[in-house]
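*Asks:* A predicted structure for the sequence below; I have some questions about it.
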Amino acid sequence: MTRTLIIGILAVICLLISSCYPELSVQQYDRLKEDLLELDEQRQELSTELIAVRAELEEIKTKNQEIRNYIDFLVQLVSTQSSEGLLEGEFDVQSLVKAKDNLLSTAATLEDGNITYYLGLIEPENESQTIAGYYKAIEYCIKNIKMKL
């Protein structure tokens, strides 16, 4: 597209020059040739820069998607608990146990073995281990999000 634009501009310049001046002097021709070479160098530099910017954009998009996956997991994990209950010091182990399979499937999209390990600690018989796994999963997700930002 840029090349087509430059060629078009050059064609217009040539038409304008030929209509204004019946003939180009050697100096004018040389100057025009130098200008064209300079424009081509600038076009090549911009093309290289565009490639670098596109690569950087793709990297940012990938990081943003990873962060979004962690946030989606966190929302799902935190939504197993009632805010009022947590503020009163009550932890709903049964809700967390019921949501364990869904949490594991969401954690699979993160491709992170540590989160799967923390979710594996969720057991209805061991409340303290379940609570520890819950908070460790949250802590681990927050650390990963912070590292990716």
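*Replies:* That came through fine.
*Asks:* For Asp101, see how far away the spatially most central residue of the chain is.
*Replies:* The centroid of the chain falls nearest to Lys61 when counting by C-alpha atoms, centre = their mean (1.9 Å). Distance, Lys61 to Asp101, using C-beta to C-beta, to the nearest Å: 30 Å. C-beta coordinates here come from the backbone N, C-alpha and C atoms, glycine included.
*Asks:* Check Val78 too.
*Replies:* To Asp101, Val78 is 17 Å away according to C-beta to C-beta.
*Asks:* Over to Glu38?
*Replies:* 65 Å.
*Asks:* all helices for the chain, in order.
*Replies:* 2-20, 26-78, 83-87, 93-98, 100-110, 113-120, 127-148 (DSSP state H).
*Asks:* can you put those in TSV and add mean pLDDT?
*Replies:* What follows is the helices of the chain, written out as TSV (pLDDT from 0 to 100):
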stretch	mean pLDDT
helix 2-20	67
helix 26-78	92
helix 83-87	73
helix 93-98	89
helix 100-110	91
helix 113-120	92
helix 127-148	92
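*Asks:* Now do Tyr29: how many residues are near it, please.
*Replies:* Neighbour count for Tyr29, taken as other C-beta atoms under 10 Å: 12.
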